[in-house]
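> Would you be able to build a 3D model of this:
(one chain, ligands or ions: 1)
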Amino acid sequence: MRDFAAELENRKQAGLYRTRRVISGPQQPELVSDGVPLLSFCSNDYLGLASHPDIVRAVNDAMPHTGLGGAASHLICGHHDGHHQLEARLAAFTGRSAALFFSTGYMANMGVISALAGRGDTVFSDRLNHASIIDGCILSRARVRRYPHSDMGALADMLAVTGGHKLVVTDGVFSMDGDIAPLKELADLCRVHDALLVVDDAHGVGVLGPQGRGSVAELGLSEKDVPVLIGTLGKAVGTSGAFVAGPALLMDYLVQKARTYIYTTAMPPAIALATCASLDLIERENSRRSHLQSLIEHFRREATALGYELMPSRTPIQPIMVGDNWTALALSKALEQKGLLVTAIRPPTVPEGEARLRVTFSAAHSTADLEKLLTALAECRPMLKRASAEAV
Ligand code: PMP
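So this is what the prediction gives:
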């Protein structure tokens, strides 16, 4: 048998051991973690909708009509009118012909990639794509070619020398760096090389583009440019689940072939109905996005002035680059002692030597919250210098 205990010990020695904290009460910037109140800068609830009263009310209003459980998979008898309504709503929201509601973004990526590519095909995947895309590629049994992050020249060269069916897959907003994929160039390359483009806009939906329609809509790219659009609902949308949107033919194909859609219990329909309420709010209220944007800009100015190294990101994902695992952990701990929750992200989630604090912003943060973070970062700044001096 494998020595699991030794493997865990090795992780601890390398500063890579992960722990969970227990949150009580609603998910919002001021939360209670293991009984201690903290101000959080690490959730993906970018618009502050996870505990919004309208959405909580929508679940409660739906429940007497729908019950709770999904009861069966979609193709048996689980596909409820609530799911059907949400799919129509998502198609309209994304400007696509049709949409499918998946239980999680992880499952959407696994199911879509493995349904649309198979043995003998080639999948081209950005080197910084999310784990669920990587796993979808493996599950597909297609040949996988990883291209350097957002490097369109390298991708063009790879596409040019590859025959057969080709699928290109990318995050819209990269989850650990916060930068946006060169979507227009990707769409052009895919057109030229007859490749199918899949964009996972998990971190763009709700945040970017007109009325929060995402990074693809921000560039005005249509279904022709980006035929397969994936988005999650557990981040800015504030509920749970995910969607794939695109041509009706492809959605029909996925219903037949996407194993993570077919062989799992449908999500509670009340969640689908609450998601419709959330999409209404996202479309209606631009003020959340503009407040979020001003927090991001203010943070970038001040954190840079403090001498922190940031990434070229204009999204709510604002990593502070640290480098080694122990310094990232120490900085995160020092912030926690000052009442702030900012998690350290280490390999394998990010490349070796690129440990960081993944700061994320939410429209639910106030300017005073941001000032608290900046004051704490100013106080902690010498730690980074001392740690890097020690490392030399
Ligand atoms: N895609 C990306 C880019 C992600 O960052 C994540 C989650 N962190 C997912 C997919 C998975 O989505 P979900 O949490 O809904 O499973």
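
> residues contacting the residue in the stretch 101-250 of the chain positioned nearest to the ligand?
Across the stretch 101-250 of the chain, no residue is closer to the ligand than Gly105, which sits at 2.3 Å (C-beta to the nearest ligand atom). Glycine gets a C-beta too; all of them are placed from N, C-alpha and C. Contact analysis of Gly105 by C-beta atoms under 8 Å, 6 or more residues apart in numbering lists Ser132, Asp200, Ala202, Ile230, Gly231, Thr232, Gly234, Ala242.

> Ile113 is in contact with the fourth one, correct?
What it means is Ile230. No - using C-beta atoms under 8 Å, Ile230 makes no contact with Ile113, being 9.5 Å away.

> Overlap of the contact sets of these two?
Both Ile230 and Ile113 are contacted by Val198, under the criterion C-beta under 8 Å, 6+ apart.

> List the buried residues of the helix or strand of the chain with the lowest mean pLDDT.
Between all helices and strands in the chain, the lowest mean by mean pLDDT, DSSP states H and E belongs to helix 367-391, at a mean of 82. Neighbour counts over helix 367-391 (16 or more other C-beta atoms under 10 Å) mark Asp369, Leu370, Lys372, Leu373, Leu374, Ala376, Leu377, Cys380, Met383, Leu384, Ala387 as buried.

> Same check on stretch 247-267?
Leu250, Met251, Leu254, Val255, Ala258, Thr260, Tyr261, Ile262, Thr264, Ala266, Met267.

> Flag every residue of this structure that's near the ligand.
104-106, 109, 130, 132, 171, 175, 200, 202, 232, 234, 242 (C-beta under 6 Å from any ligand atom).

> go with 8 Å
Residues of the chain found near the ligand (C-beta under 8 Å from any ligand atom) are 44, 104-109, 129-133, 171-175, 200, 202-203, 230, 232-235, 240-242.

> Are any of those residues buried, and if so which?
Buried subset of the residues of the chain next to the ligand (neighbour count, 16+ other C-beta under 10 Å): 44, 104-109, 129-130, 132-133, 171-175, 200, 202-203, 230, 232-235, 240-242.

> can you tell me which of these are in helices?
Among those, the members found in helices (DSSP state H) are Gly105, Tyr106, Met107, Ala108, Asn109, Ser132, Ile133.

> still on that earlier bit, make a markdown table out of the buried residues of helix 367-391 and add distance to Arg145.
Below are the buried residues of helix 367-391 laid out as a markdown table (distance: C-beta to C-beta, whole Å):
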| residue | distance to Arg145 |
| --- | --- |
| Asp369 | 43 |
| Leu370 | 41 |
| Lys372 | 45 |
| Leu373 | 40 |
| Leu374 | 42 |
| Ala376 | 43 |
| Leu377 | 40 |
| Cys380 | 41 |
| Met383 | 41 |
| Leu384 | 37 |
| Ala387 | 37 |
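
> Show me the two of those that sit farthest apart.
Using C-beta to C-beta, the pair of those lying farthest apart is Asp369 and Ala387, separated by 26.2 Å.

> how long is stretch 8-19 from one end to the other?
End-to-end distance for stretch 8-19, by C-alpha to C-alpha, to the nearest Å: 12 Å.

> Just the buried positions in it, please.
For stretch 8-19, by 16+ other C-beta under 10 Å, it's Gly15.

> do the same with stretch 309-329
Neighbour-count burial for stretch 309-329 flags 310-311, 313, 315-329 (criterion: 16+ other C-beta under 10 Å).

> Stretch 343-360 now?
343-346, 349-350, 354-360.

> quick one: which of these is nearest Ala217?
Minimum distance to Ala217 across the buried residues of stretch 343-360 is 21.5 Å, recorded for Thr360 (C-beta to C-beta).

> So what does the closest one have for phi and psi?
As for Thr360, its main-chain torsions (degrees, to the nearest 10) stand at phi -130, psi 150.

> likewise Leu340?
Per degrees, to the nearest 10, the backbone of Leu340 is at phi -120, psi 140.

> now do the one 4 residues further on
According to degrees, to the nearest 10, the main-chain angles of Ala344 amount to phi -80, psi 130.

> Could you report the separation of it from Ala376?
Distance from Ala344 to Ala376, counting by C-beta to C-beta, to the nearest Å: 15 Å.

> which SS state does the nearest residue to Met63 once chain neighbours are set aside fall under?
Leaving out its chain neighbours, the residue that sits closest to Met63 by C-beta to C-beta, 6 or more residues apart in numbering is Ala270, at 4.9 Å. At Ala270 the chain is in helix, as set by DSSP: H, G, I helix; E, B strand; the rest coil.

> can you check the one 5 residues further on too?
Under the three-state scheme (three-state DSSP), the conformation of Thr275 reads as helix.

> For it, give me its contacts.
Listed by C-beta under 8 Å, 6+ apart, the contact set of Thr275 reads Leu86, Arg89, Leu233, Val237, Thr239, Ser240, Gly241.

> at 7 Å what do you get?
Contacts for Thr275 (C-beta atoms under 7 Å, 6 or more residues apart in numbering) come out as Leu86, Leu233, Val237, Thr239, Gly241.

> Can you get me a residue count around Gly246?
25 (other C-beta atoms under 10 Å).

> what's the answer for Gly69, then?
13.

> Check it and give its pLDDT.
Here the pLDDT value assigned to Gly69 is 97.

> let's have the chain start at 848 instead
Okay, residue one is now 848; in that scheme the one you just asked about reads as Gly916.

> Find the nearest non-adjacent residue to it, please.
The nearest residue in space to Gly916 (C-beta to C-beta, 6+ apart) is Pro1115, at 6.4 Å.
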